[in-house]
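J.: whatever this is, show me its structure:
(one chain, ligands or ions: 1)
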Amino acid sequence: MTRMAPKREGLKASQTAKQVAVVGGGIMGAMTAAHLVDQGAKVTLYDPNLMGTGPGASVDTGRSFRVHYGEDKGLIKMAVRSRVLWGNWERELGRPLLHTTGKLLIEEPGDRHARDSWRAMRSLGLRADRMSKGAVSEEWPGLHTGAATVDRMGGVLDPMVILQGLLVWLASRGVDFKGEAFDVTTTAVECAKGRAEFDSVVLTAGAWTRRWTEVSMEVTRQELVYFDASALGGRLQNLPVFSHMESGFYAIPTVKDGRIKVANHHPGVQGHPDGDARQVSAAFEQEARKFLGRYIPELAEADVARRYVCFYSGTADRDFILDRTSEGLVIGAGFSGHGFKFAPLIGRLLAQLALGLEPEVNLDRFSMKRPALRGARTKIAV
Ligand SMILES: Cc1cc2nc3c(=O)[nH]c(=O)nc-3n(C[C@H](O)[C@H](O)[C@H](O)COP(=O)(O)OP(=O)(O)OC[C@H]3O[C@@H](n4cnc5c(N)ncnc54)[C@H](O)[C@@H]3O)c2cc1C
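T.: This next block holds a predicted model:
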């Protein structure tokens, strides 16, 4: 088996042949399992749905990758590191996973996020451009946003290709796939095939996490509308992901199906993937159309190709939970609608926690005991 050296960097002593269970095989569980395997652990992955299917948050046609995070240099650095790791995974899986188009931040009068992002990125030596209205339309004909900041490292990740590639990769490395976990403790998991004991258990069950442990997060309904963008022809290929952070609206072009997904990043009303109907309201569809038509007028009347509802597991401060309970259960949760881009790094961090290694990123801000988790929402869009 050839493994890539870069995925191993930063780790200390190896503790091989540990038996580790990962409960939840969305992107976070899959990446955690991959890194555990890479460290020599024997991994059992529990999920009732094969990766890339099912009602979880990781299943979609496109996820935005970007490194801009306003003034938050901690997250910017983690995103930059994740981008390197996505590159390693592209080589490992032998196919493109990230389509780099740039990520454009619309700046309306009085907005801060675009400007803060530009300043923070430039101070770290990262490529971000401030563009005039004319420059935007010149680079991307048909896109009329007014002044904007462009994060040149941004683009679109393809969750289906990633999850299905990881599924094959994990299976070929001997990961044992099991179905739904009925009971989870710090050292054991029970499923229809019986109860098994482990050295360590990692819980990456997204919206289902609270079935086994108390974490402060709320699950919210997020409506998505996919517009047919075939009228743009070849221009869709280069179109950047674009968003207006203050209103929360964003648009993700997905070249392979000729669509643009429009949604809002602000947390919606509470719900749960098991119970809620996945119907999109007419009012939201109208708002999504208004956003798209405002910036790409030729798509103002575009057909709707698909409507869907997805669920964020959000924390009050929009930061993740990457921690161990006092009993030792490793938890990766609360990804607050912006975790996908960090998945290869998060997988490493959770694997490091499970193996008793020092995490390569200081995890204090992601503690499950941080006071900010118990307060009111402190950030609406990150
Ligand atoms: C609409 C939407 C848009 C988003 N857009 C972006 C974006 O553009 N960029 C970005 O970076 N991030 C984005 N995110 C966030 C990102 O997709 C999530 O943070 C990420 O997918 C969470 O992955 P996960 O593995 O934690 O959870 P999930 O993918 O939900 O995985 C949890 C898994 O647990 C399994 N499970 C449940 N119960 C059990 C059980 N009893 N036993 C075993 N397994 C079980 C489920 O089947 C599921 O597969 C978005 C999220 C949503 C919902």
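
J.: near the ligand, which residues of the stretch 151-300 of the chain? Just list them.
T.: Applying Cβ under 6 Å from any ligand atom, one finds that the stretch 151-300 of the chain approaches the ligand through E180, A181, T204, A205, G206, A207, W208, Q222, L224, A263. Every residue, glycine included, has its C-beta placed from N, CA and C.

J.: is it true that the last one touches E223?
T.: Yes: here A263 lies in contact with E223, judged by Cβ atoms under 8 Å, at a distance of 6.7 Å.

J.: what do those two both touch?
T.: Residues touching both A263 and E223 by Cβ atoms under 8 Å, 6 or more residues apart in numbering: A288.

J.: more neighbours, these two?
T.: Neighbour tally, A263 and E223, criterion other Cβ atoms under 10 Å: the higher count belongs to A263, 26 against 21.

J.: am I right that that one sits in a strand?
T.: Yes: assessed with DSSP: H, G, I helix; E, B strand; the rest coil, A263 lies in a strand.

J.: what's the local residue count around A333?
T.: For A333, the neighbour count with other Cβ under 10 Å is 28.

J.: next one: W118
T.: If we define neighbours as other Cβ under 10 Å, then W118 has 22 of them.

J.: circling back: mind putting the residues of the stretch 151-300 of the chain next to the ligand in a markdown table, pLDDT included?
T.: What follows is those, written out as a markdown table (pLDDT from 0 to 100):
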| residue | pLDDT |
| --- | --- |
| E180 | 98 |
| A181 | 98 |
| T204 | 98 |
| A205 | 98 |
| G206 | 98 |
| A207 | 97 |
| W208 | 97 |
| Q222 | 97 |
| L224 | 97 |
| A263 | 98 |
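
J.: just the buried residues out of those, in ChimeraX syntax.
T.: Of these, the buried ones can be selected in ChimeraX as follows, counting by 16 or more other Cβ atoms under 10 Å:
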select :181,204,205,206,207,208,222,224,263
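
J.: closest to H272 out of the residues of the stretch 151-300 of the chain next to the ligand?
T.: For those, the closest approach to H272 (Cβ to Cβ) belongs to A207, at 6.1 Å.

J.: so who does the closest one touch?
T.: G56, A57, V219, H272, P273, F311, S313.

J.: measure it to Y308 for me?
T.: Using Cβ to Cβ, to the nearest Å, A207 is found at 15 Å from Y308.

J.: please apply the same query to G25.
T.: Distance of G25 to Y308, given as Cβ to Cβ: 20 Å.

J.: now swap in L163 and tell me
T.: L163 is 17 Å from Y308, by Cβ to Cβ.

J.: ok, the two, which is more surrounded?
T.: Ranked by neighbour count (other Cβ under 10 Å), L163 and Y308 place L163 first, with 21 against 17.

J.: how about the more buried one, secondary structure?
T.: Under three-state DSSP, L163 falls in the helix class.

J.: so it makes contact with M28?
T.: No: counting by Cβ under 8 Å, L163 stays clear of M28, with 11.2 Å between them.

J.: identify the contacts common to the two.
T.: Common neighbours of L163 and M28 (criterion: Cβ under 8 Å, 6+ apart): S58.

J.: quick revisit: ok, the contacts of A207 vs the ligand, which is closest?
T.: The shortest approach to the ligand among the contacts of A207 belongs to G56, at 2.9 Å (Cβ to the nearest ligand atom).

J.: so how far is the ligand from the residue nearest to that closest one when sequence neighbours are not counted?
T.: Closest residue to G56 apart from its sequence neighbours, by Cβ to Cβ, 6 or more residues apart in numbering: G26 at 4.3 Å. From G26 across to the ligand, the span is 2 Å (Cβ to the nearest ligand atom, to the nearest Å).
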